[in-house]
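Novice: I need the structure of the sequence given here:
(one chain, ligands or ions: 1)
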Amino acid sequence: MSDATIEVLDLRKRFGRTLAVDGLSFRVEPGTVTGFVGPNGAGKSTTMRALLGLDAPDEGAALIGGRPYHALRTPLLEVGALLDAAALHPARRGRDHLRWLAHSHGLPAGRVDEVLQQVGMETAARRRAGGYSLGMRQRLGLAAALLGDPPVLLLDEPVNGLDPEGIQWMRTLLRTLAAEGRAVLVSSHLMSELEDTADHLVVIGRGRLIADTAVSDLLAAASGDRVRLRTDARTQAMELLTAQGATVAVTGRDTLTVTGLQARRIVELLNAADVPFAEVGAHRATLEEAYMELTRDAVEFTASAGIDEVAS
Ligand SMILES: Nc1ncnc2c1ncn2[C@@H]1O[C@H](COP(=O)(O)OP(=O)(O)OP(=O)(O)O)[C@@H](O)[C@H]1O
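Specialist: Below is the predicted model:
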């Protein structure tokens, strides 16, 4: 899949007084699932809409396989997109919708059944769309995105409306699609949704790039030199370790997170003072924690801007 790239180059987009995207640049490589994350209003949808030719950039470029969307000769075969859950006429059957889409792009009708099977909608798609749940409409939207077997996929909040089993299914599918060599960009405002799915993350806030990083690097950086200590004698342990210069935070009913002392030294100190403990080990940050650290400033800005607006 040679044209499997997504490039955003110094993209700027303004809506009236709102600068939705402010000089954003990043690139999505083939064969990866890249999570596109940021707080509400960060500019994710606007960036995806620019990539799909739905919002014209004020400056910069948004390219699929090196070209702007309007220059793609066969868009359905070059990029698949899921922006909103499919809005279908309630009397229309999902399968008929896809057959029409396939026909209008010169794709064989047999392709419809292939993609319906891929998204687990073979039976449901024969029913009228009026009875579809949000999750079913998401699956149908994904089937439409896959119809042209495109090398690039742009999915805006694809797990929206899916139950836990559906979320697991979506994760596996996204990983499979990337393993086939596609560039997959998946937006979410919930970092936990991207755990175990994304290889790479593009984090934005206020329309600007906050981080463009491998998930593994981000987790390593966020984990820092913190040590996780499990003990029933929390108070005793806290007193002992803070007296030795450590910073200690209570992070669970029987868990402390310690900064400023190595795990080995902590064990020595606890043993010497006869403080019982169950476990001492490196603290492994979750993706959610890493994300909260990265986006704290962006969220605070948004919150205070909101308050100013209300006050004035
Ligand atoms: N068509 C529009 N007209 C006016 N303002 C818009 C328009 N589209 C987006 N905006 C504004 O641009 C900013 C970025 O919005 P965008 O929808 O791109 O963010 P997002 O990161 O996708 O957020 P969410 O997670 O809430 O979907 C917001 O302040 C939004 O209100």
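Novice: going forward, measure contacts between C-alpha atoms and count neighbours the same way
Specialist: OK.
Novice: show me the strands in this structure, by range?
Specialist: Taking DSSP state E, the strands of the chain run over residues 6-15, 18-28, 32-37, 59-64, 67-68, 79-82, 152-156, 183-188, 200-205, 208-214, 227-230, 247-252, 255-259, 279-282.
Novice: ok and the first one relative to strand 59-64, angle-wise?
Specialist: Calculated by axes from the mean of the first three to the mean of the last three CA atoms, to 10 degrees, strand 6-15 forms an angle of 140 degrees with strand 59-64.
Novice: so which bits of the stretch 1-150 of the chain are right by the ligand?
Specialist: Residues of the stretch 1-150 of the chain found near the ligand (CA under 6 Å from any ligand atom) are 15, 18, 20, 38-46.
Novice: of those, which is the most crowded?
Specialist: Highest neighbour count within those: Gly38, with 29 neighbours (other CA atoms under 10 Å).
Novice: tell me where the model's unsure across the stretch 51-200 of the chain.
Specialist: Counting by pLDDT under 70, the stretch 51-200 of the chain contains low-confidence ranges at 85-87.
Novice: where does it get nearest to the ligand, residue-wise?
Specialist: Nearest residue of the stretch 51-200 of the chain to the ligand (CA to the nearest ligand atom) works out as His189 at 5.5 Å.
Novice: can you get me a residue count around that residue?
Specialist: 19.
Novice: Arg182 versus Ala71, what's the distance?
Specialist: Here the criterion is CA to CA, to the nearest Å. By it, Ala71 lies 20 Å from Arg182.
Novice: of those two, who's got more company?
Specialist: Applying other CA under 10 Å to Ala71 and Arg182 shows that Arg182 carries more neighbours, namely 28 against 12.
Novice: list the contacts of Leu11.
Specialist: Shown in contact with Leu11 (CA atoms under 8 Å, 6 or more residues apart in numbering): 21-25, 47, 57-62.
Novice: Thr47 too?
Specialist: Per CA under 8 Å, 6+ apart, neighbours of Thr47: 11, 21, 62.
Novice: and the last one, how many neighbours?
Specialist: Looking back up the chat, that one is Ala62. Residues near Ala62, counting by other CA under 10 Å: 29.
Novice: in the stretch 101-250 of the chain, which spans are helices?
Specialist: 110-118, 134-146, 164-179, 215-223, 234-243 (DSSP state H, counting those that start in this stretch).
Novice: buried only: go through the contacts of Leu11 for me.
Specialist: The neighbour count (16 or more other CA atoms under 10 Å) marks 21-25, 47, 57, 60-62 as buried among the contacts of Leu11.
Novice: rewinding a little: deepest in the core, which of the helices of the stretch 101-250 of the chain is it.
Specialist: helix 134-146 (a mean of 24; mean count of other CA atoms under 10 Å).
Novice: what's the residue of the stretch 201-312 of the chain found nearest the ligand sitting at in phi/psi?
Specialist: Ranking the residues of the stretch 201-312 of the chain by distance to the ligand (CA to the nearest ligand atom) places Gly207 first, at 7.1 Å. In terms of degrees, to the nearest 10, the main-chain angles of Gly207 are phi 80, psi 0.
Novice: what's the burial count for it?
Specialist: 26.
Novice: ok, for it, nearest residue in space, not its chain neighbours?
Specialist: Leaving aside its sequence neighbours, Gly207 sits nearest to Val21 (CA to CA, 6 or more residues apart in numbering; 3.9 Å).
Novice: now do Glu180
Specialist: Per CA to CA, 6+ apart, closest to Glu180 is Gly31, 6.7 Å.
Novice: can you tell me how far that neighbour is from Leu52?
Specialist: Taken as CA to CA, the span from Gly31 to Leu52 is 20 Å.
Novice: kindly report the same for Glu193.
Specialist: 24 Å.
Novice: please apply the same query to Gln118.
Specialist: Applying CA to CA to Gln118 and Leu52 gives a distance of 24 Å.
Novice: over to Gln236?
Specialist: Gln236 is 59 Å from Leu52, by CA to CA.
Novice: try His70
Specialist: 8 Å.
Novice: again with Arg93
Specialist: For Arg93 relative to Leu52 (CA to CA), the value is 26 Å.
Novice: go on, Asn271?
Specialist: 61 Å.
Novice: counting neighbours, go ahead and name the busier of the two.
Specialist: The neighbour comparison of Asn271 against Leu52 (other CA under 10 Å) goes to Leu52, with 22 against 12.
Novice: the more buried one and Leu72 touch, don't they?
Specialist: No - no contact is recorded between Leu52 and Leu72 when judged using CA atoms under 8 Å, the distance being 10.3 Å.
Novice: about what we covered before: enumerate every residue touching the residue of the stretch 51-200 of the chain closest to the ligand.
Specialist: Under the criterion of CA under 8 Å, 6+ apart, the neighbours of His189 are 37-40, 157.
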